[in-house]
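Enquirer: Below is the sequence, then the predicted model.
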Number of protein chains: 2
Amino acid sequence: MRATTIHAPFDMRVEDVPDAVVRDATDAVVRVVRACICGSDLWAYRGESARTPGQRIGHEFLGIVEEAGADVRGLKPGDLVVAPFVWSDGTCDYCAEGLQTSCPNGGFWGSAGSDGGQGEAVRVPFADGTLVKLPADAASDDHLLTALLALSDVLGTGHHAALGAGVRKGSTVAVVGDGAVGLCGVLAARRLGAERIIALGRHTARTDIARAFGATDVVAERGEAAEAAVRELTGGHGAHAVIEAVGTEQSMRTAVAVTRDGGSIGYVGVPHGSGTGLDLSVMFDRNIALRGGVAPVRAYIPELLPDILDGTIDPSPVFDLTVGLEGVPGGYRAMDERTALKVLVKP
Amino acid sequence: MRATTIHAPFDMRVEDVPDAVVRDATDAVVRVVRACICGSDLWAYRGESARTPGQRIGHEFLGIVEEAGADVRGLKPGDLVVAPFVWSDGTCDYCAEGLQTSCPNGGFWGSAGSDGGQGEAVRVPFADGTLVKLPADAASDDHLLTALLALSDVLGTGHHAALGAGVRKGSTVAVVGDGAVGLCGVLAARRLGAERIIALGRHTARTDIARAFGATDVVAERGEAAEAAVRELTGGHGAHAVIEAVGTEQSMRTAVAVTRDGGSIGYVGVPHGSGTGLDLSVMFDRNIALRGGVAPVRAYIPELLPDILDGTIDPSPVFDLTVGLEGVPGGYRAMDERTALKVLVKP
């Protein structure tokens, strides 16, 4: 089969690789119908996180079950399913409590030895624990399929950030980061009842989506000017709930600066950089909490799925460029150069 | 009047200073009946936090109202009152929401120009917002007075840590720090219904108090051995709720290491040191939350006071040495040399 591989920074290829097959009785093979490129894939692309040459990549996909191992109970060939960005056994304590990202048998698509989502098919370990069945008739609805793909990562990650930030009915929220996750944070905050949502961003194409997703204010300034603008919009105090969806030291500093005393930062930007960007003395004096991390999106799919199916939320606008599988390397270039927000892949 | 002053590291004096007087109509003057020395006072004592020579010190006291300004409504001369470790106006948004430590009119006892608790009397700004009245008959109960003094800081701070750690009925809690705040964290966790409380500490005098306060396990190892011991006690996973009551980089590292994935660190140790001790990548991967900061103890006094009065909790064992006002410099030495846990001052 064909799949995307990474050989060196900026060297993405689509190559022939061994077919995905059932190896363990709890495996399933999923034929990929929709996949996409994540902002966090760019850290590998740019060489900021290490990869073995030839390693597979892509951790967001949905598709059709092609084959199910003998011990797979809840799925059968032909089922339409979405995969969260980590697999998990569905039976351990962490899975039971909804923290599938800490499952001791879990793993990340594209990690050494596993298939990645940016390919024709994927061997899915622990298929019963990992995959979530979607309505069969969604398979023929192009727009809906795209919206459902967001369940694999960005929507659940935005929701995790909103929960970490403590968003509830009536909240004032600031969102640092105008990528797909930040935008889904806006959507999730709106869904949780936030009254005021301040999106920080300078790119009109992105802030337009933020507004469509529920942002009530947009702050286009950068750095300290942005912090001052958020404080001015919030009576000088900052927002109680702040979503950090970038992962740099600078974005974390901005997040702390725009948080109201006693408030909370929900952080989901994968940390990179040598330091944390956190001044613990400031956080201590102002009682600012930090909650978040890698989102257990598997836990959130059952809650978010019905709202996509009935049209309450539609995250599909975060996908603004569509490529075929052979176009994936070009998709990386487009996202790296910020000419695309998030690239949809139709193998 | 006589009061404690700090002139340089290790140079504490008890000297004649101007009498505490009502300056503003919202002030009261409180004659100090009980005060104490805080672990955080030692940072000034050791020169690790700067002080102006001659500055006053001491932020924990209770006493009798001697004079009340014309606008003080809820207090009159003769009332027995306890002061939280910061004053606050009692009228702003932050005070209304129980975050008095962020009151824009608030301040810290002993800060430049203010009286400190380790003296004969204290001018209390915003007396109505700051002070909490205690039952008059407590004034004649030596043991009860000592217990009530803990409301000024350590008990409320331990409670804040327990809340930040997310302690609830049935929780497993680990407590990093065997000082008075850590011990009060044990007491607060027990009060909130924790089922298992693991206290980290090597000094039997302190861990005996921890056990009396509700610790079910004591880990006497240090560093990585301590972390391994906590994990072994918790099925390999760590504690869901962790109280950090020291404030060093090492203690924060220990706190992260003993927190279960998806758990929370309630931190109340005043941060000192150049770094944070936080590895954000580890916290991200394991979804470990960090909540806490300077405790708004004023908000907690109404909740904790009845439990002291009826004997449900008794924090008084944290005081293990009593001095008169002239003995305060010796009290600092004793705490610095760790021959005393926490020094009670009877002016």
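Expert: That came through, no problem. Residues are numbered from 1 along each chain as shown, chains lettered A, B, ... in the order given.
Enquirer: OK, contacts around residue A:212?
Expert: residue A:317 (CB atoms under 8 Å, 6 or more residues apart in numbering or on different chains). Every C-beta, even on glycine, is put in place using the N, C-alpha and C of the backbone.
Enquirer: ok, so what distance separates it from chain B?
Expert: 29 Å (CB to the nearest CB, to the nearest Å).
Enquirer: do residue A:61 as well
Expert: The value you get for residue A:61 to chain B, if CB to the nearest CB is used, is 22 Å.
Enquirer: Just give the number of residues close to that residue.
Expert: 30 (other CB atoms under 10 Å in any protein chain shown).
Enquirer: And for the one 5 residues further on?
Expert: Applying other CB under 10 Å, we find 17 residues neighbouring residue A:66.
Enquirer: Ok, residue A:202 next?
Expert: Counted with other CB under 10 Å, residue A:202 comes out at 13.
Enquirer: So it is in contact with residue A:220, correct?
Expert: Yes. At 4.9 Å, residue A:202 and residue A:220 qualify as touching, with contact defined as CB atoms under 8 Å.
Enquirer: Dig out what the closest residue to residue A:130 other than its chain neighbours forms beta bridges with.
Expert: Spatially, and ignoring its direct neighbours in sequence, residue A:130 is nearest to residue A:87 (4.2 Å; CB to CB, 6 or more residues apart in numbering or on different chains). As for beta bridges, residue A:87 partners with residue A:107 under DSSP bridges.
Enquirer: What residues does residue A:87 make contact with?
Expert: A:106, A:107, A:109, A:124, A:125, A:126, A:129, A:130 are the contacts of residue A:87 under CB under 8 Å, 6+ apart.
Enquirer: Check residue A:110 too.
Expert: Counting by CB under 8 Å, 6+ apart, residue A:110 has contacts A:55, A:56, A:57, A:58, A:59, A:116, A:117.
Enquirer: near chain B, from those?
Expert: Here nothing survives when the contacts of residue A:110 are matched to chain B using CB under 8 Å from any CB of the partner chain.
Enquirer: of all those residues, which two lie farthest apart?
Expert: A:55 and A:117 (13.1 Å; CB to CB).
Enquirer: Pull the number of nearby residues for residue A:140.
Expert: Neighbours around residue A:140, by other CB under 10 Å: 9.
Enquirer: Now the stretch 101-250 of chain A against chain B: closest residue?
Expert: residue A:102 (3.8 Å; CB to the nearest CB).
Enquirer: So what's the residue count around that residue?
Expert: Counted by other CB under 10 Å, the residues lying close to residue A:102 total 23.
Enquirer: Touching, it and residue B:263? I think so.
Expert: No. Residue A:102 lies out of contact with residue B:263 (CB under 8 Å); the separation is 10.4 Å.
Enquirer: Return the closest of the contacts of residue A:110 with respect to residue A:242.
Expert: residue A:59 (25.8 Å).
Enquirer: Check whether stretch A:270-283 comes near chain B.
Expert: Yes. Against chain B, stretch A:270-283 shows contacts by CB under 8 Å from any CB at A:270, A:271, A:276, A:278, A:280, A:281, A:283.
Enquirer: Mind checking which of the residues you listed are in helices?
Expert: With helices taken from DSSP state H, the overlap with the residues of stretch A:270-283 next to chain B comprises A:280, A:281, A:283.
Enquirer: Phi first, then psi, for residue A:154.
Expert: Taking degrees, to the nearest 10, you get phi -60, psi -40 for the backbone angles of residue A:154.
Enquirer: Most neighbours among the contacts of residue A:87, which one?
Expert: residue A:124 (30 neighbours).
Enquirer: what bridges to it?
Expert: residue A:28.
Enquirer: which ones are touching residue A:239?
Expert: So residue A:239 contacts A:172, A:173, A:174, A:198, A:230, A:258, A:259, A:260, A:263 (CB under 8 Å, 6+ apart).
Enquirer: rerun that using 10 Å as the cut-off
Expert: If you count contacts by CB atoms under 10 Å, 6 or more residues apart in numbering or on different chains, residue A:239 has them with A:165, A:167, A:171-175, A:194, A:196-198, A:230-231, A:233, A:255, A:258-260, A:263-265.
Enquirer: One more: residue A:277?
Expert: Residue A:277 touches A:244, A:247-256, A:271, B:276, B:280, counting by CB under 10 Å, 6+ apart.
Enquirer: ok, which stretches of the stretch 201-347 of chain A are strands?
Expert: Assigned by DSSP state E, counting those that start in this stretch, the strands in the stretch 201-347 of chain A fall at A:217-219, A:239-244, A:259-267, A:289-292, A:321-324, A:343-346.
Enquirer: low-scoring pLDDT stretches of the stretch 151-300 of chain A, where are they?
Expert: A:273-275 (pLDDT under 70).
Enquirer: Within range of chain B, give me the residues from the stretch 1-150 of chain A.
Expert: A:93, A:94, A:97, A:98, A:99, A:101, A:102, A:103, A:104 (CB under 10 Å from any CB of the partner chain).
Enquirer: Tell me the buried residues within those.
Expert: Buried members of the residues of the stretch 1-150 of chain A next to chain B, scored by 16 or more other CB atoms under 10 Å in any protein chain shown, are A:94, A:99, A:101, A:102, A:103.
Enquirer: Just the ones of the residues you listed in strands?
Expert: Nothing among these maps onto strands, per DSSP state E.
Enquirer: Same list (those residues) but as JSON lines, adding pLDDT and distance to residue B:145.
Expert: Output for those, formatted as JSON lines (pLDDT from 0 to 100; distance: CB to CB, whole Å):
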{"residue": "A:94", "pLDDT": "98", "distance to residue B:145": "48"}
{"residue": "A:99", "pLDDT": "98", "distance to residue B:145": "46"}
{"residue": "A:101", "pLDDT": "98", "distance to residue B:145": "50"}
{"residue": "A:102", "pLDDT": "98", "distance to residue B:145": "48"}
{"residue": "A:103", "pLDDT": "98", "distance to residue B:145": "53"}
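Enquirer: Thank you, goodbye.
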